[in-house]
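A.B. asks: show me the folded form of this:
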Amino acid sequence: MGYVSAVPPPRTPAEAPDSKGGRRSVAVALLLGTLGATVVLLASGRIWARGTTAFGGDSLVLTADGRAVTGLPAALAIVGLAALVAVFAGRGKGRVLVSGLLALSGLGAALTALFAADGRRALDAEAARTTADTAAQAAGLTQTAWPYVTAVGAVLILASGLLALRFGRSWPAMGGRYERDGSPRARKAAAVDPDRPEDLWKALDRGEDPTH
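C.D. replies: Numbers count the residues shown, from 1 in each chain. Down below sits the predicted model:
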């Protein structure tokens with residue numbers, strides 16, 4: 001009579017849940033999301049627009065940083081960071097939702113940096129504040145490269161979200177290896193010295209057979 005082995009056949013590399021491709025996509029998504037958010041937050045604090053305004057026969061130089069021009073890219077970068085953490089903490093449909101939020105935050109930050117960052121309103125407000133004249137306006141408007149740097153960082157956040165949407169279902173959850181599956185854990189029996197009565201009593205208290 002033959003024996004039937006209860007040991008499952010070894011998995012092929014394509015079936016392994018923790019494949020090299022999966023680990024690589026996790027690392028790349030985390031790197032892109034973190035780097036992109038950092039770039040957006042730093043670039044938003046730089047000068048995006050310059051101009052001048054007339055004051056007492058002279059010309060005053062005006063500047064406006066990214067947060068004065070539009071606070072959306074920085075705010076969306078913070079949302080993206082929170083979504084990035086939530087991607088690795090969640091699983092199932094929740095992970096898909098936060099992956100979509102991560103991608104949308106990057107897309108929104110990129111579009112805002114490119115199309116809503118001419119700086120005219122911020123420079124006009126700076127002109128009115130500097131000259132104490134509400135009718136003062138900025139002239140000679142020029143834009144720096146920082147809005148485009150912000151957009152590049154936002155695209156990295158978008159790429160991180162797209163990676164999470166594509167591969168996130170196979171990623172392990174944060175701390176998942178430490179979670180219980182509901183089954184009782186096998187407890188390793190402590191070594192019992194038969195020559196020590198206290199060890200025998202401790203083994204009996206634990207429900208173990210000290211004779212084995």
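
A.B. asks: switch to C-alpha atoms for all contacts and neighbour counts from now on
C.D. replies: Noted.

A.B. asks: helices or strands next to the helix or strand harbouring residue 129 in the packing?
C.D. replies: Following DSSP states H and E, one finds residue 129 within helix 120-131. Judged by 3 or more C-alpha pairs under 8 Å, 6 or more residues apart in numbering; DSSP states H and E, the packing partners of helix 120-131 are strand 47-55, strand 58-65, helix 66-69.

A.B. asks: tell me the strands beside the longest one, with direction?
C.D. replies: Each strand paired with strand 47-55, and its direction, by DSSP bridges: strand 58-65 (antiparallel), strand 139-143 (antiparallel).

A.B. asks: surely residue 32 and residue 162 touch.
C.D. replies: No. Between residue 32 and residue 162 there is no contact under C-alpha atoms under 8 Å: 10.8 Å.

A.B. asks: sorry, back to before: buried set for the helix holding residue 129?
C.D. replies: Across helix 120-131, burial judged by 16 or more other C-alpha atoms under 10 Å covers 120-128, 130-131.

A.B. asks: from these, pick the one nearest residue 78.
C.D. replies: Distance ranking of the buried residues of helix 120-131 against residue 78, using C-alpha to C-alpha, places residue 122 first at 22.3 Å.

A.B. asks: that closest one contacts residue 64, doesn't it?
C.D. replies: Yes. Taking C-alpha under 8 Å as the definition, residue 122 is a contact partner of residue 64 at 6.2 Å.

A.B. asks: returning to what we had before: for residue 71, which of the strands paired with strand 47-55 is the nearest?
C.D. replies: Nearest to residue 71 among the strands paired with strand 47-55 is strand 58-65 (9.9 Å), distances taken as C-alpha to C-alpha.

A.B. asks: could you check the angle that closest one makes with helix 120-131?
C.D. replies: Compare the direction of strand 58-65 with that of helix 120-131 by axes from the mean of the first three to the mean of the last three C-alpha atoms, to 10 degrees and you get 130 degrees.

A.B. asks: which residues touch strand 58-65?
C.D. replies: Residues from elsewhere that reach strand 58-65 (C-alpha atoms under 8 Å, 6 or more residues apart in numbering): 44-54, 119, 122-123, 126-127, 138.

A.B. asks: which of those residues count as buried?
C.D. replies: 44-53, 119, 122-123, 126-127, 138.

A.B. asks: what is the most widely separated pair among these?
C.D. replies: Greatest spatial distance in those: 44 and 53, 23.5 Å, computed using C-alpha to C-alpha.

A.B. asks: where's the nearest residue to residue 152 once chain neighbours are set aside, which helix or strand?
C.D. replies: The shortest distance from residue 152 to any non-neighbouring residue, by C-alpha to C-alpha, 6 or more residues apart in numbering, is to residue 110 (7.2 Å). Assigned by DSSP H and E, residue 110 falls within helix 92-115.
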